[in-house]
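Enquirer: pasting the structure only:
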């Protein structure tokens with residue numbers, strides 16, 4: 001095995017929470033997302049249909065958690081990453097990246113008019129040997145809280161660097 005990729009500096013970012021990121025949940029955003037992914041249920045387009053189905057307003061379709069509010073002072077305009085986000089450094093660079101999937105656990109309804117705050121942390125980092133060499137499997141966890149302070153969704157994502 002080659003030199004380990006995971007350094008003490010890398011381990012130090014595990015569990016460090018990012019600065020909060022605000023997300024707006026709007027009717028337009030819900031309608032655009034629902035249309036883009038092919039949802040045809042009227043609850044995503046018509047407020048009366050949504051209310052008749054028991055929602056406060058248009059509900060977020062699966063996979064949609066509002067639109068992050070862009071702030072040019074806090075966000076890198078090239079990468080869209082927060083400028084002050086914790087940085088994971090390895091013993092040497094890994095040039096290739098691959099999305100390993102994500103899961104979303106919805107804990108309650110999210111509807112138009114909600115304002116969400118996302119906080120993300122690296123939950124775990126694993127190093128593995130593969131046919132193309134060493135790779136890192138990085139799992140993140142994002143918690144979404146609404147304007148009332150209620151956790152409404154938890155997202156776990158996996159990224160692979162090799």
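Expert: Structure received. None of these values were measured; they are calculated from a predicted model. Residues are numbered from 1 along each chain as shown.

Enquirer: what's around residue 126, how many residues?
Expert: By the criterion of other CB atoms under 10 Å, residue 126 has 12 neighbours. Glycine gets a C-beta too; all of them are placed from N, C-alpha and C.

Enquirer: Verify the contact between residue 69 and residue 24 for me.
Expert: Yes - if you go by CB atoms under 8 Å, residue 69 and residue 24 touch, sitting 6.0 Å apart.

Enquirer: Which one's more surrounded, these two?
Expert: Set residue 69 next to residue 24 and count neighbours by other CB under 10 Å: residue 24 wins out with 15 against 12.

Enquirer: so who does the more buried one touch?
Expert: Taking CB atoms under 8 Å, 6 or more residues apart in numbering, we find residue 24 in contact with 66, 67, 69, 115, 116.

Enquirer: tell me the least confident of those residues?
Expert: Across the set of the contacts of residue 24, residue 69 stands lowest in pLDDT, at 91.

Enquirer: which stretches of this structure form strands?
Expert: Taking DSSP state E to define them, one finds strands in the chain at 21-24, 67-68, 97-106, 115-130, 133-145, 151-161.

Enquirer: List the buried residues in the last one.
Expert: By 16 or more other CB atoms under 10 Å, the buried positions in strand 151-161 come out as 152, 153, 155, 157, 158, 159, 160, 161.

Enquirer: Specify which member of the residues you listed is nearest to residue 39.
Expert: Set against residue 39, the nearest of the buried residues of strand 151-161 by CB to CB is residue 153 (17.7 Å).

Enquirer: Not including adjacent chain positions, what is the nearest residue to that closest one?
Expert: What sits nearest to residue 153 in space, not counting adjacent residues and going by CB to CB, 6 or more residues apart in numbering, is residue 144, at 4.3 Å.

Enquirer: Domains in this structure, by residue range?
Expert: With domains defined by automatic domain parsing, the chain comprises 8-24+78-161, 26-64.

Enquirer: averaging pLDDT over each of those domains, which comes out lowest?
Expert: Lowest mean pLDDT within the domains of the chain: domain 8-24+78-161, at a mean of 90.

Enquirer: centre of the chain versus it, how much separation?
Expert: 6 Å (CA atoms, centre = their mean, to the nearest Å).

Enquirer: tell me how far the ends of it are from each other?
Expert: For domain 8-24+78-161, the separation between the terminal residues is 18 Å (CA to CA, to the nearest Å).
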